[in-house]
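Colleague: sequence-free structure coming up:
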Ligand code: ADP
């Protein structure tokens, strides 16, 4: 007896969207239905492992068209659905992808139709091309057959029916053609063939359709001028998973299509890596670098590659196959050497998995190296989104990966337009330059304004600009690049002024010992006060002794792991500057007054480093005091 049922509200919304969709790639509905059919066959096969009577030996998916009736029919001999399953699977939205899709749509005021392709949205996508859909299905569970019919509006009908074979047959009555949409194209043989090739070529079961063949000339018909044709049922997918094909036989377009449908992206990847390895260890891998970080990019639990063994899917996110810092890579590994029932715990210990992971990592880095060399623009784009990951990769584990990553890092520099590698910095070094200079700052302008830059600018040396929090930590871990040490422009000795000048300053230090000492006494927070060998124009600056820099102090404290980690502050004074001369004068007149000026000078040095004084009010009071007396 026919029963009429209402779709759930959520489902109605989704259907409404499909029916009114202006999405231009409506063709993806075929991919979705074929994928459902293939899943259904998987399920039946799985059941047959424990109950042979539930299995079949000719699993296949059949696509038929009827131009007169304008129907497209997709038949599988999978598990089928019971009546309850029809209601719960097709009458309500069970699939998380569809839910996410709806949520995404809700968020956007003008929904981007492209995301239909991104999410797939399964069975319901067929309503983009159908005016009515009938699903005939017979479940291997209860042996009963039912038909579900709907126009995708508010309700659907379910009725008992006759059906000989187990499985599901979906009949789509195509919509009338419109000016913008020619639905008849889905009745064309070439179109069916090309869509299956494009989206479903690697489905593991044969997808068959009726294909036109020319009749052979025989004794009887050889006089006949006209060519005659007949139809033959033909398998139109190659079934061999795309990753098992020899990489020379797979086009970039095929890889891109595979990636987009498998990993729910709507853009082509930046690049794909196809690995076929045979020997002691046999495996195939397909890896993709998404053009933009995927929505799960920041979710640490979402890392991992899919794992297959001999073409059978085992695990969705196998973390052991990819290091944390490469978590943006999507892809899969199919190994010939793993048992089907391997557990997550066993995987961690598995030697072949470890070897594959090492090799996968190597291949990815090699590919990045190639991109950097051959397609700089593409690499820079990549680095904008994922550079931080590489930097962390270099820094983590005390720099265990530094040798393989150091040449993939690009940083801005003072003198170059584009970001450069350490090798490029080295290459462009001037005569007499012995170290790689770096400064922390948000950009070139900020760095150029640093007082500590005076001498370096005079020498015309290039300076790497570190703008990410992790940068300085990374350089510390690296320590040197091909024999060249990294040198911060505001830490330790800079060794840039000529000997005579240095000597003069050393002598000055002796003659002006008293004032220096009294300044230091006024600044308990300051480790040392000295005459600067790096300032030309500025009156003073702050430098840190070797070890923790001011920037690292800031980063560590922000991460709450600082536990008082503090850079050692050194106040450097320019002895040739008018300000110091004025201070000397004041000191001669009144020794006590130096305390006030020392604090003022020190606070200015702190401010230039972006460090707030402990007592801003005192600073302000002193300045006001000075203003009152001098204006
Ligand atoms: P998804 O396939 O992603 O779960 P769909 O909306 O496409 O989402 O399908 C919902 C459910 O309906 C499926 O999970 C499956 O249980 C069932 N289903 C769809 N097509 C078939 C089919 N051809 N044979 C058996 N079950 C099916």
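Modeller: Here it is on my side, so go on. The model shown is predicted, which means the values in this text are computed figures rather than measured ones.
Colleague: partner residues bridging the closest residue to residue 81 other than its chain neighbours?
Modeller: Among residues not flanking residue 81 along the chain, residue 137 sits closest, at 4.6 Å (Cβ to Cβ, 6 or more residues apart in numbering). In short, each C-beta sits where N, CA and C put it, glycine included. Beta bridges link residue 137 to residue 146, residue 168, judged by DSSP bridges.
Colleague: show me the contacts for residue 137.
Modeller: Counting by Cβ atoms under 8 Å, 6 or more residues apart in numbering, residue 137 makes contact with 80, 81, 86, 145, 146, 147, 148, 163, 167, 168, 169.
Colleague: where in the protein is pLDDT low?
Modeller: 94-101, 104-105, 108-120, 295-301, 312-313, 340-341, 560-563 (pLDDT under 70).
Colleague: compare the contacts of residue 137 and tell me which is most surrounded.
Modeller: Highest neighbour count within these, by other Cβ atoms under 10 Å: residue 80, with 29 neighbours.
Colleague: hmm, that residue is touching residue 40, no?
Modeller: Yes - using Cβ atoms under 8 Å, residue 80 is in contact with residue 40, at 7.2 Å.
Colleague: between those two, which contacts overlap?
Modeller: 167, 168.
Colleague: pull the number of nearby residues for residue 439.
Modeller: When neighbours are counted by other Cβ under 10 Å, residue 439 registers 22.
Colleague: pretty sure it is in a helix, no?
Modeller: No - counting by DSSP: H, G, I helix; E, B strand; the rest coil, residue 439 is not found in a helix; it is strand.
Colleague: I figured it hits residue 490, correct?
Modeller: Yes - using Cβ under 8 Å, residue 439 is in contact with residue 490, at 7.2 Å.
Colleague: overlap in contacts, those two.
Modeller: Contact with both residue 439 and residue 490 is made by residues 450, 452, according to Cβ under 8 Å, 6+ apart.
Colleague: returning to what we had before: could you report the distance from the residue nearest to residue 81 to the ligand?
Modeller: Look at residue 137 and the ligand: by Cβ to the nearest ligand atom, to the nearest Å, they are 6 Å apart.
Colleague: what do you get for residue 495?
Modeller: To the ligand, residue 495 is 65 Å away according to Cβ to the nearest ligand atom.
Colleague: quick one, phi psi at that residue?
Modeller: phi 50, psi 40 (degrees, to the nearest 10).
Colleague: name the helix or strand for the nearest residue to it once chain neighbours are set aside, please.
Modeller: Nearest non-adjacent residue to residue 495, counting by Cβ to Cβ, 6+ apart: residue 533, 7.7 Å away. Residue 533 belongs to no helix or strand when assigned by DSSP states H and E.
Colleague: ok, residue 533 - how many residues close by?
Modeller: 17.
Colleague: and if you look at the one 10 residues further on?
Modeller: Residue 543 sits with 26 neighbouring residues when counted by other Cβ under 10 Å.
Colleague: what about the helices in the stretch 501-631 of the chain?
Modeller: All helices of the stretch 501-631 of the chain, identified by DSSP state H, counting those that start in this stretch, fall at 513-522, 550-558, 578-589, 594-608, 616-630.
Colleague: before we move on, what about the stretch 201-350 of the chain?
Modeller: Residue ranges of the helices in the stretch 201-350 of the chain, as given by DSSP H, counting those that start in this stretch, are 252-262, 344-349.
Colleague: can you list contacts of the shortest one?
Modeller: Think helix 344-349. For helix 344-349, contacts defined as Cβ under 8 Å, 6+ apart pick out 307, 315, 318, 320, 353.
Colleague: doesn't residue 498 make contact with the residue nearest to residue 495?
Modeller: No - counting by Cβ under 8 Å, residue 533 stays clear of residue 498, with 10.3 Å between them.
Colleague: so which residues on the chain come close to the ligand?
Modeller: 32, 36-37, 40, 76, 78-81, 89-90, 94-95, 97, 122-123, 168 (Cβ under 6 Å from any ligand atom).
Colleague: can you flag which of the residues you listed belong to helices?
Modeller: With DSSP state H as the criterion, helices contain 32, 36, 37, 40, 97 from among these.
Colleague: and the helix or strand where residue 445 lies, what other elements does it pack with?
Modeller: Using DSSP H and E, residue 445 sits in helix 444-448. When contacts are defined as 3 or more Cβ pairs under 8 Å, 6 or more residues apart in numbering; DSSP states H and E, helix 444-448 packs onto strand 463-466.
Colleague: so which elements touch the strand it packs on?
Modeller: strand 412-413, strand 436-440, helix 444-448.
Colleague: looking at the stretch 301-450 of the chain, which residue is nearest the ligand?
Modeller: Closest to the ligand within the stretch 301-450 of the chain is residue 316: 14.0 Å, counting by Cβ to the nearest ligand atom.
Colleague: what's the answer for the chain, then?
Modeller: As assessed by Cβ to the nearest ligand atom, the ligand sits closest to residue 122 within the chain, at 2.4 Å.
Colleague: wait, that residue sits on residue 29?
Modeller: No - using Cβ under 8 Å, residue 122 makes no contact with residue 29, being 9.2 Å away.
Colleague: the more surrounded of those two?
Modeller: Remark: of residue 122 and residue 29, residue 29 carries more neighbours, 27 against 21, as counted by other Cβ under 10 Å.
Colleague: how close does the more buried one sit to residue 195?
Modeller: With distances taken as Cβ to Cβ, to the nearest Å, residue 29 is found 10 Å from residue 195.
Colleague: try residue 202
Modeller: Distance, residue 202 to residue 195, using Cβ to Cβ: 14 Å.
Colleague: and the nearest residue to residue 231 once chain neighbours are set aside, what are its bridge partners?
Modeller: Once flanking residues are discounted, residue 231 sits nearest to residue 210: 4.3 Å by Cβ to Cβ, 6+ apart. Under the criterion DSSP bridges, residue 210 forms beta bridges with residue 233.
Colleague: which residues touch residue 210?
Modeller: Applying Cβ under 8 Å, 6+ apart to residue 210 gives the contacts 64, 65, 189, 231, 232, 233, 234.
Colleague: try it again at 10 Å.
Modeller: 62, 63, 64, 65, 189, 192, 230, 231, 232, 233, 234 (Cβ atoms under 10 Å, 6 or more residues apart in numbering).
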